[in-house]
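Q: Got a predicted model here, sequence first, then my questions.
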Amino acid sequence: MKVRFLVNGEKKTFEVKPDEYLLDTLRNNNYKSVRRGCETSSCGICTVLMDGMPVASCSLLTAKAEGRHITTVEGIQEDAELLAGFFGREGADQCGYCNPSIALACYAMKRELKDPTDEEIKAYLVGNLCRCSGYSGQHRAIRAYLEVK
Amino acid sequence: MKYVNKGIPSVDGRGLMMGKPAYTDDLAEQGSLVVKVLRSPHPFARIKSIVTDKALNLEGVECVLTHKDFERIPITRAGQGYPEPSPHDKFVLDDYVRHVGDEVAAVAAVDTETALAALDLIEVDYEILEPVLDFEKAFGNKIVIHPEPEIHEMFPIGFDPANNVAASYMMNVGEIEKTLQECDVVVESSFYTQAQAHAMMEPHAVNARIDYMGRLVLYSSTQTPFHVRRIISQALKYPLSKIRVIKPRVGGGFGGKQCVHGELLVSAITLRTGRPAKMAYTRKEVFESTFSRHPMRINIRLGASKEGILKGIDVDVLSDTGAYGEHALTVFMVTGSKVFPLYNKVESIRFGGRVVYTNHTPSGAFRGYGAIQGNFALESAIDILCEKLGADPVEFRLRNMIREGETSPIFEIMGEGTEGTAMVMETCKLDYCIKRGMELIGWKDKYPGSKTGGGKARGVGMAIAMQGSGIPYIDMGAAMIKLNDDGFFNLLVGATEIGQGSDTILVQIAAESLGVEPEKIIVYSSDSDLTPFDAGAYASSTTYVSGNAVKKAADGMSRMIIEEGARILGTAIEDTVFDGVSIISGDRSITLRDLSNKLFYNENQRQLVSAESYVGTKSPPPFMAGFAEVEVDTGTGKVEVLDYAAVVDCGTTINPNLARGQVEGALVQGIGMTLFEDVVYSKTGSLMSNSMMNYRIPTRREINGMHVEFAESYETSGPFGAKSVGEIGIDTPPAAITNAIYNAVGVRVRSLPATPEKVLMGMLGKAVKENGHG
């Protein structure tokens, strides 16, 4: 079946199987920044934005993206670079596998929450797991990123 | 120091955050065959027959491999130096399957759907065998998990497969029974540690192709690219010279990518079909079909005089290696060797036990590597002993622990599979670590604990720990530095960046040695064709071993630059210096940029390359003190870690921010293991915790206060004074947190994880004992 949606503002048409997930469609079409961590929408690695809201692309049927606006980290390069600077300052990059997904989630959070508390930040990102950093360095970096208006 | 001990940003962080293709699966060739593996549904079975015709006839299927396609060559997947201290007890594919998830057959097809459909068409007739699922019943069981005649040990490791023993060991210092008899107080206890899953965010992945030179080229998410190359060659009888293994960016390892995973099957398929092939593990495969931490039962006896002097340590360990013996002996050894020297003044130590096979997912390397298990037992038992003695647990440790300038006989007796290496602690700031940790956690006000009302009780607990820095006389790291025109350098290292920051800190070491800015050094790591050898990212070796190799190579390059500069300036070498920008002698000078351009194009043309290697002659331990403050819900038994203070002596921190990240990350993995992470099997041997839904790792909500600091310390044998920092952070949480739980509610948790059920049952049991009712 054909599915049409926007990826980072570009109109795209994809030929997909009815049971195909968005993660596979994107990776098969060379959006390699979207990566798999699990298959159960538990880890957040495959996060993309759909109409600005974070979704787990491993569990979202591509057909459901019809007519929607999908954003990968390639669509928010300026913010990703900004966040990378703060991660670098904290030594919070570590393996980097989750970092594009964190960037997307933080980008969405910044637009959704006004002056969030520590607890609100943790609650927003609770589905974005990281096994390397112990979260503390990430948290300091994310706070700094949110403070940039 | 200019570039060392500075928190410069990682060399790779920006590109990774911005989503550049970097990881193994990003780099598979377009059109690669997709490899899927048929895995055993049974914990133990013999394949009576396996028919693949229907699968092979499915359109789009290119290749199906079963045990019949492989010569029977026993190997170990451990990913260690050679000869390995792990038994060669695994075949690429075998007619026996020994755990749920073990490999039965591999299919390569044009896409994932076809490959999965082909798996369903493979007809396997299993003779289902009764498995061994309880590791305490494995030794001498009538069921023999490895009856095959070809398997063997590479040198004596106590391998006894007829009794389900992968490895065994026994050692004595002094006369333990006599010592304990003379002690005023003896305590005895059994501790259990569970299997833990690494749960690194990137699932294992590998892809292969034959390049235009006819060579087999792999990308693999591995911690040990050079060992992988060697094991592929051995297992497939394919010339080492025709294999190239490239380790691209790796999305976390923690030991879980030290062992070989899909490299053998994918290589076999590419060699057989001539086509590029790729495999990316599903998360279920990562849990079921890679490795997890060795579960252990640790029986411990401690004896002390009434004056509070620790006299004897007696430890018996039973370790569960699962279906195969990767790291069986060495993890077991570290349970003693990187724990006992903490208390180096004892008269007697006895340590021994067995590592047994079971029909569970194999155990393998995991950050902490036995030390975390041993630390839980010893540091819990020390608190139990202190209570019986009426001694303060901090004072007791300060009195009995190892100090700078001291040694322990354990260093010489116990190595990793062979004898160890004697060494004196040139740096050991444990006393500072303890004192500073007490301040950070507020020990004086909070010890032992308090009722806070509202059904909550708080307590503090602590533990001390040590690790190592590489495997002396065995594991080598090497580095090459090449000067380019325009005056910048390539740093080529075998060292394996897996997210711990090794590329960055090795650049910092090279920059410091050369005196040039880090931006002038372009690092490239872990490519078996292009970089020199390195054993790999394990055993806390990269900073110390690979770092020393980089320092030697950079020092050599500095000398070459000065020699070439002096020649061009016409000055004496001993009067000439290199300040990082120019080569200077008196009032004459030439910039490195001009010198390098001359060397390339104009005068005495030559390529400057400095290559050096390093193998440790000792393994200086990093030390730390960990302090936990917990709050226990007395109604439910739920434990929350309110604060964790960690003070670490890892020598110089090459990059303090990255070092702190290593410790913080390791602490959180340790907290997860202490409180809830658990690899759980059903009664029939299937893995229950086989997805991220039912294997829970800490989320950012569980992490509250965390204070990580470093002691001032300078280890002269390390590069710019550094020891290791990768593992040490994981060791203290089990004992520190369970000691804190005890100090809060009086419940001693002897079996990890310390779930609410265990804590609550402990409280109820205590109430019954004290009041005669619940």
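A: Now that the structure is in, tell me what you want to look at.

Q: And the residue nearest to residue A:60 when sequence neighbours are not counted, how close does it get to chain B?
A: Leaving out its chain neighbours, the residue that sits closest to residue A:60 by Cβ to Cβ, 6 or more residues apart in numbering or on different chains is residue A:22, at 4.6 Å. (C-beta placed from N, C-alpha, C; glycine too.) According to Cβ to the nearest Cβ, to the nearest Å, residue A:22 and chain B sit 15 Å apart.

Q: what's the domain layout of chain A?
A: What automatic domain parsing lists as the domains of chain A is A:2-73, A:75-147.

Q: Can you measure across stretch B:3-16, start residue to end residue?
A: 23 Å (Cα to Cα, to the nearest Å).

Q: got it, and stretch A:110-120?
A: End-to-end distance for stretch A:110-120, by Cα to Cα: 12 Å.

Q: Report the buried residues of it.
A: A:110, A:116 (16 or more other Cβ atoms under 10 Å in any protein chain shown).

Q: Any chance you could list what contacts it?
A: A:52-53, A:79, A:109, A:121, A:124, A:139, A:143, A:145-146 (Cβ atoms under 8 Å, 6 or more residues apart in numbering or on different chains).

Q: Tell me how far it lies from the chain's centre.
A: Centroid displacement of stretch A:110-120 relative to its chain, using Cα atoms, centre = their mean, to the nearest Å, is 17 Å.

Q: Just confirm yes or no for stretch B:530-546 near chain A.
A: No. Remark: stretch B:530-546 sits outside contact range of chain A, by Cβ under 8 Å from any Cβ of the partner chain, the gap being at least 11.5 Å.

Q: which residues touch the closest residue to chain A within the stretch 501-650 of chain B?
A: Using Cβ to the nearest Cβ, the closest approach of the stretch 501-650 of chain B to chain A is made by residue B:501 at 7.2 Å. For residue B:501, the contact set (Cβ under 8 Å, 6+ apart) comprises A:91, A:93-94, B:10, B:655, B:658, B:661-662.

Q: Of the residues you listed, just say which sits nearest to residue B:201.
A: Among the contacts of residue B:501, residue A:94 lies closest to residue B:201 (Cβ to Cβ), at 9.5 Å.

Q: so where do the strands sit in the stretch 1-150 of chain B?
A: Remark: strands assigned in the stretch 1-150 of chain B by DSSP state E, counting those that start in this stretch are B:33-39, B:45-51, B:61-65, B:96-97, B:103-109, B:123-128.

Q: okay but residue B:381 is in contact with residue B:189, surely?
A: Yes. Counting by Cβ atoms under 8 Å, residue B:189 is a contact partner of residue B:381 at 5.7 Å.

Q: And the residue nearest to residue A:37 when sequence neighbours are not counted, what's its pLDDT?
A: Closest residue to residue A:37 apart from its sequence neighbours, by Cβ to Cβ, 6+ apart: residue A:45 at 3.0 Å. With respect to pLDDT, residue A:45 scores 98.

Q: Tell me, how many residues neighbour residue A:45?
A: Using other Cβ atoms under 10 Å in any protein chain shown, the number of residues around residue A:45 comes to 28.

Q: ok, back up a step: shared neighbours, residue B:381 and residue B:189?
A: With Cβ under 8 Å, 6+ apart as the test, residue B:381 and residue B:189 both reach residue B:300.

Q: between these two, which one's more packed in?
A: Shown here are residue B:381 and residue B:189; by other Cβ under 10 Å, residue B:381 has more neighbours (22 against 16).

Q: For the more buried one, what is the enclosing helix or strand?
A: In the assignment (DSSP states H and E), residue B:381 maps to helix B:371-389.

Q: name the helices or strands packed onto that helix?
A: strand B:185-193, strand B:296-304, strand B:310-322, helix B:328-337, helix B:393-400, strand B:456-466, helix B:733-745 (3 or more Cβ pairs under 8 Å, 6 or more residues apart in numbering or on different chains; DSSP states H and E).

Q: of all these, which lies closest to chain A?
A: helix B:733-745 (11.2 Å).

Q: Give me the buried positions along the helix or strand that that closest one is followed by.
A: Where DSSP H and E defines the elements, the next helix or strand beyond helix B:733-745 is helix B:756-771. By 16+ other Cβ under 10 Å, the buried positions in helix B:756-771 come out as B:756, B:758-760, B:762-763.

Q: Now render the helices and strands packed on helix B:371-389 as TSV, adding distance to chain A.
A: TSV is the format used below for the helices and strands packed on helix B:371-389 (distance: least, Cβ to the nearest Cβ, whole Å):
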stretch	distance to chain A
strand B:185-193	19
strand B:296-304	22
strand B:310-322	21
helix B:328-337	20
helix B:393-400	25
strand B:456-466	17
helix B:733-745	11
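
Q: Can you convert those into CSV and add a column each for mean pLDDT?
A: Shown next, in CSV, are the helices and strands packed on helix B:371-389 (pLDDT from 0 to 100):
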stretch, mean pLDDT
strand B:185-193, 98
strand B:296-304, 98
strand B:310-322, 98
helix B:328-337, 98
helix B:393-400, 98
strand B:456-466, 98
helix B:733-745, 98
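
Q: export those to TSV and tack on distance to residue B:495?
A: Listed next are the helices and strands packed on helix B:371-389 as TSV, based on distance: least, Cβ to Cβ, whole Å:
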stretch	distance to residue B:495
strand B:185-193	30
strand B:296-304	30
strand B:310-322	28
helix B:328-337	20
helix B:393-400	35
strand B:456-466	23
helix B:733-745	28
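
Q: quick one: which of those is nearest residue B:59?
A: strand B:310-322 (38.1 Å).

Q: The closest residue to chain A within the stretch 551-700 of chain B: which element?
A: Nearest to chain A in the stretch 551-700 of chain B, going by Cβ to the nearest Cβ, is residue B:657, at a distance of 2.9 Å. Assigned by DSSP H and E, residue B:657 falls within helix B:656-675.

Q: Quick check, the residue in the stretch 401-550 of chain B closest to chain A?
A: Counting by Cβ to the nearest Cβ, the stretch 401-550 of chain B gets nearest chain A through residue B:499, at 2.6 Å.

Q: so who does that residue touch?
A: A:94-97, A:132, B:250-253.

Q: Let's see that with 10 Å instead.
A: A:93-97, A:131-133, B:10, B:12, B:16, B:200-202, B:249-254, B:537, B:661-662, B:665 (Cβ atoms under 10 Å, 6 or more residues apart in numbering or on different chains).

Q: cool, residue B:677 as well?
A: Residue B:677 neighbours (Cβ under 10 Å, 6+ apart): B:194-197, B:199, B:292-293, B:669-671, B:689, B:695-698, B:752-753.
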